[in-house]
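Novice: This is a predicted model, with the sequence first.
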Amino acid sequence: MSKIIKRYSLLSVILSLNFILFSQNSKAEKVNNINIKNSISIDSFNSENTIKDKQLFFQDIKHNNFIHQEKNFIFAQHNHDHNHNSESDFGEPIHDNQIFSNVLFDQLEYQVNDSQNIFNWDVSGWVGGDYQKLVFKTEGDVSLDDGNGEAELQLLYSKQISPYWDFQAGLRYDQLYGDKGNSRGFAVIGIQGLAPYFFDIDSALFISNQGDISARFKAEYELLLSQKLILQPRIETNLAIQKVEEFDIGSGINNLELGLRLRYEINRQFAPYIGVSWNKLFGNTANFAEKKGESSDDIKFVTGVRLMF
């Protein structure tokens, strides 16, 4: 009779422990393999254990050592599994720090009017990520008749300050070709981005190595006549605070240029176009041009190609 009672008591204890242990959010197979104090595990407790082992087992139960050890393991295992599952729920990480690059030949064209034949270019490019880029811009023109012209190169650091706008800062270098051959450098700060109604804006402030201050504003818009045929109006104006005679620049508003180009996109990378460009000089800038025998009010017909890589 006493043996039956002992076995019944032992069975009750084991069932109680199993109920406590397996009611937690943990994997049962891991719990069964955990050794408790004195190297006695639940699944290894049987009639083959010595009386001393059984006494130590019941002593641990009496002082709750076994229960505390197993419960602590269960809670720790549950927290580990929960954290692991929470991280895996997000799937693969988003690779948003990749490096990309782009080069755009927005204008690569031949210009002609009554007295001049001119090659003109306007090229920009960048390398970087979504938030920071290294940018270059170059533009200029060269007369195909006498070789006179000018070229400009900008190297800029660009930082995104809002979803559609970048702040830019860097250096600019100007070079005149022909009789004068003058050159000068600038520090540059500017804003470039996409304004409401999809106007591309590029504005900048320049400070030359002589301390001369000037500014420029450009705006473009693309009107889709069809999926392939695109009309692109463009406006550009320059102004200067000081007069700089060696570069034929007067103070105030220097010029206003309006352009209209119609291109046909064979694909996104290659698009030939035709168009017209009107440039009006003002103030001392107009006077400098007229002294050299040049027009201060000029209309040119253009044809060229737009390339993107």
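Specialist: Perfect, I can see it now.
Novice: Quick check, Ile253 in contact with Phe282.
Specialist: Yes. Counting by C-beta atoms under 8 Å, Phe282 is a contact partner of Ile253 at 5.0 Å. In short, each C-beta sits where N, CA and C put it, glycine included.
Novice: Buried residues in the strand or helix carrying Glu290, which are they?
Specialist: Take DSSP states H and E as the rule and Glu290 turns out to sit in helix 283-291. Neighbour-count burial for helix 283-291, counted by 16 or more other C-beta atoms under 10 Å, picks out Gly283, Asn284, Thr285, Ala286, Phe288, Ala289.
Novice: Need the mean per-residue confidence for that helix.
Specialist: On average, the pLDDT along helix 283-291 is 90.
Novice: Now do the buried residues in stretch 107-122.
Specialist: Buried residues in stretch 107-122 (16+ other C-beta under 10 Å): Gln107, Glu109, Gln111, Gln116, Ile118, Asn120, Trp121, Asp122.
Novice: What is the three-state secondary structure of the third one?
Specialist: Three states are possible here, and by DSSP: H, G, I helix; E, B strand; the rest coil the one that applies to Gln111 is strand.
Novice: I'd assumed Asp122 was in contact with it.
Specialist: No. Gln111 is beyond contact range of Asp122, at 11.9 Å (criterion: C-beta under 8 Å).
Novice: got a list of what the residue lying closest to Gln132 once chain neighbours are set aside touches?
Specialist: Leaving out its chain neighbours, the residue that sits closest to Gln132 by C-beta to C-beta, 6 or more residues apart in numbering is Lys159, at 5.6 Å. Neighbouring residues of Lys159 by C-beta atoms under 8 Å, 6 or more residues apart in numbering: Tyr131, Gln132, Asp166, Phe167, Gln168.
Novice: Among the residues you listed, the buried ones, what's the PyMOL command?
Specialist: Those of the contacts of Lys159 that count as buried under 16+ other C-beta under 10 Å are selected in PyMOL with:
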select buried, resi 166+167+168
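Novice: nearest to Arg263, of the contacts of Lys159?
Specialist: Using C-beta to C-beta, Asp166 comes nearest to Arg263 of the contacts of Lys159, at 25.0 Å.
Novice: Might you report the residue contacts of the nearest residue to Ser295 once chain neighbours are set aside?
Specialist: Spatial nearest neighbour of Ser295, chain neighbours left out: Ala289 (7.0 Å); criterion: C-beta to C-beta, 6+ apart. If you count contacts by C-beta under 8 Å, 6+ apart, Ala289 has them with Asp248, Leu281, Ser295, Ser296.
Novice: Try it again at 7 Å.
Specialist: Counting by C-beta atoms under 7 Å, 6 or more residues apart in numbering, Ala289 makes contact with Asp248, Leu281, Ser296.
Novice: Mark which of the residues you listed are part of strands, please.
Specialist: Leu281 (DSSP state E).
Novice: for Lys300, which residues make a bridge with it?
Specialist: Ser277 (DSSP bridges).
Novice: what about it, neighbour count?
Specialist: By the criterion of other C-beta atoms under 10 Å, Lys300 has 21 neighbours.
Novice: Likewise for the one 4 residues further on?
Specialist: As a burial measure, the neighbour count of Gly304 was computed by other C-beta under 10 Å and equals 23.
Novice: give me the element it is part of.
Specialist: Short version: Gly304 belongs to strand 297-308, going by DSSP H and E.
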